[in-house]
Each structure stands twice: as C-alpha cells, then as structure tokens.
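Novice: Take a look and give me a structure for this.
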Amino acid sequence: MRDNPMVVPTGFVTIAAWLMPLLAVMPALALTPQPAAAQENWLDKAANQTIATFDGTDAGGQEESKQDRRGKVIVRRIKPQAKSDWNTDPTALPYFFYQIRERTQGRFPVYLDNEGIELTGDEIFEHPIIYFTSHFPFLFGDDERDNLKKFLARGGTLLLDDCTGSGPFTDAVPVNVQRIIPGAELKLMLKDTKDFGGLFDLVYHLEGMPTLKEQFMQPFQAALLNGRPAILVCPNDYGCYWEVSSPPTALNPLGNAAHSETTPTAQKGREEVYQLSINWLFYALTH
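Specialist: As a prediction, the model looks like this:
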C-alpha cells in the first residue's frame, strides 16, 4: 500500500480512494472466459469493423471522450526533453486498455489519453502512473529529474519500457535511476522473490515471464523508494506486444500484432504479455 497517497488537484481522486473499487474488480479479471453471448457481442462488433488499422479510437467509444475522467485509471506517456521517439507504438496503450475493458466487461474504469505530457509541469501529478518507451538511450534533465523526485515521493509510479528489448534504452536506465533515487538498487522482480511474487499471482497466475523470444524474456526490475517499488523497468518492449496492426475478429480475438506475428506461438506469448501487464497495472496501483 502507498504510504504517501498522491496529492492531486481538486476533481481527481487520491490513490487511497482507488483501492477499494480496484480490489473489488480484481476477481472479475481472473474469471473464466466470458459467457458465449457476451463474447459473441464484442467479437461480432470487432469482426464487422471496416477500418484497415486499429488506433484505439473505438476502445472507449465516442461518448467516453466526453465523460469526466474522475474515478478512472489513466496511464500517460511522458514526452522527455531528450531526443526520443516517445510516441512509438501509438496503438499500444489504446489496445492494452481495450483488452482490459473487454476482459472486465467494462467494470474496470479506464480512460484513454494517448497524448504525451512533459515532465517539468504539474500535469504528471494528476496521474498515478506514467509510462516512457523509446528506442534511444536517454538522460532526464535536471528539472525533469527534480519533478520526478516529487512525483515518486507523492506515491507516483514510473514505468520504463525498452522499445528494442534490452537495448540502448535499458543501458541508460541505471544512470537515470541513480539521479532520481540516489543509492537505489535495481532489484529483479522474480516469481520466487517474496517481495515481488504478487506481480505473477495478483490477478492472473503465471509461472514466470511470458514465453517469447529469449531477448524479450528478461525479468522486470524495480527501484525502491521508502520500501515501495517506485520505478519499474520492463526490458522487453511490452508496448510492441500490446500494439495491434488490425482489429480483432471472431477468428482472431487478439487482432494482428504490430509486426504481423500471427503464429499460434506468437499469439500465446502475446496473451501472456497481456496477463502479466494487467497484473503489473494492479501491482503498480496497490503498492
């Protein structure tokens, strides 16, 4: 649990206020597959779409953009000052949220905002989780670092996702972590480690990391702040596994992956990524 609930502007709920409804919804995620009628309903809708690509605009419905954001989970991308393709995999977060919505039959309150936010302003304090992915190495500026320190101290969580999979982005992580949390150790988040076992068993029960190509099967890492995992590092390019190049259909409920990996093995690994990612989201919101 967070010792320091996020202090957010009027109109947004604190992290403490999130916990009861989140925990109440968690069993719904772990349920067996939805009834056939419910499955057919959304699969039929997906199968009848005529668009050639899926950009997430249908994930919340047209009315969703008109609704108040209060009481909904929002994961925002950050747009750093350093050179980066921070907006790579543009359908990643939309489709991840789409999957959450369908698996909970709309009972998990999510709101999609795929625009990038800068680290130097106050906007980051309105969100419990911020997300950064890129192919490039990076270095947060001094003003970005100082604001991140405040964000994490107030209970926020930063997820770093290497868009190449254990590449130059990951190589730059330790330096940035030390600038934000001096002296912090990056700990491997393994299933058999008592402190992190919940990542694998919180909603879905997983034996370990998703079965992918070896390069993309590295364990998550965590940097602790006051005993809380404040910075989570994914070396495995999960954004690319969330992303989708064409919408789901009745015969292909996950849709086609970003790089057109449609084999049963690839789709199985992608399903495991969604499961671990949903676990991660609940983990980040409750620790």
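Novice: The stretch 101-250 of the chain: helices as residue ranges?
Specialist: 142-153, 168-180, 198-201, 238-242 (DSSP state H, counting those that start in this stretch).
Novice: Looking at the ones you listed, which one is packed in the most?
Specialist: helix 238-242 (a mean of 26; mean count of other C-beta atoms under 10 Å). The way it works is simple: take the backbone N, C-alpha and C, and place the C-beta from them, glycine included.
Novice: need the contact list for residue 121.
Specialist: By C-beta atoms under 8 Å, 6 or more residues apart in numbering, the contact set of residue 121 is residue 147.
Novice: which helix of this structure spans the most residues?
Specialist: helix 264-286 (DSSP state H).
Novice: Against which helices or strands is it packed?
Specialist: helix 15-29, helix 92-103, strand 129-134, strand 157-162, helix 198-201, strand 228-234, helix 238-242, strand 256-257 (3 or more C-beta pairs under 8 Å, 6 or more residues apart in numbering; DSSP states H and E).
Novice: Between helix 92-103 and the fourth one, find me the angle.
Specialist: Relative orientation of strand 157-162 versus helix 92-103 (axes from the mean of the first three to the mean of the last three C-alpha atoms, to 10 degrees): 120 degrees.
Novice: Show me what strand 157-162 pairs with in its sheet, parallel or antiparallel.
Specialist: Strand pairing for strand 157-162, determined by DSSP bridges: strand 129-134 (parallel), strand 228-234 (parallel).
Novice: Could I get the helices of the stretch 101-250 of the chain in CSV, plus columns for mean pLDDT and distance to residue 122?
Specialist: What follows is the helices of the stretch 101-250 of the chain, written out as CSV (pLDDT from 0 to 100; distance: least, C-beta to C-beta, whole Å):
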stretch, mean pLDDT, distance to residue 122
helix 142-153, 97, 9
helix 168-180, 93, 18
helix 198-201, 89, 30
helix 238-242, 87, 26
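Novice: Residue 191 is nearest to which of those?
Specialist: Between residue 191 and the helices of the stretch 101-250 of the chain, the shortest separation by C-beta to C-beta is 4.5 Å, and it involves helix 198-201.
Novice: name the helices or strands packed onto that closest one?
Specialist: So helix 198-201, by 3+ C-beta pairs under 8 Å, 6+ apart, packs with helix 264-286.
Novice: hmm, back to that, please convert the helices of the stretch 101-250 of the chain to a markdown table, extending it with distance to residue 286.
Specialist: Shown next, in a markdown table, are the helices of the stretch 101-250 of the chain (distance: least, C-beta to C-beta, whole Å):
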| stretch | distance to residue 286 |
| --- | --- |
| helix 142-153 | 16 |
| helix 168-180 | 22 |
| helix 198-201 | 9 |
| helix 238-242 | 19 |
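Novice: who wins for proximity to residue 135 among the ones you listed?
Specialist: The nearest among the helices of the stretch 101-250 of the chain, by C-beta to C-beta, is helix 168-180 at 6.6 Å.
Novice: Check which helices and strands the closest one sits against.
Specialist: helix 142-153, strand 157-162, strand 186-189, strand 220-225, strand 228-234.
Novice: So which elements touch the third one?
Specialist: Right, strand 186-189. helix 168-180, strand 220-225, strand 228-234.
Novice: what about 6 Å?
Specialist: Judged by 3 or more C-beta pairs under 6 Å, 6 or more residues apart in numbering; DSSP states H and E, strand 186-189 is in contact with strand 220-225.
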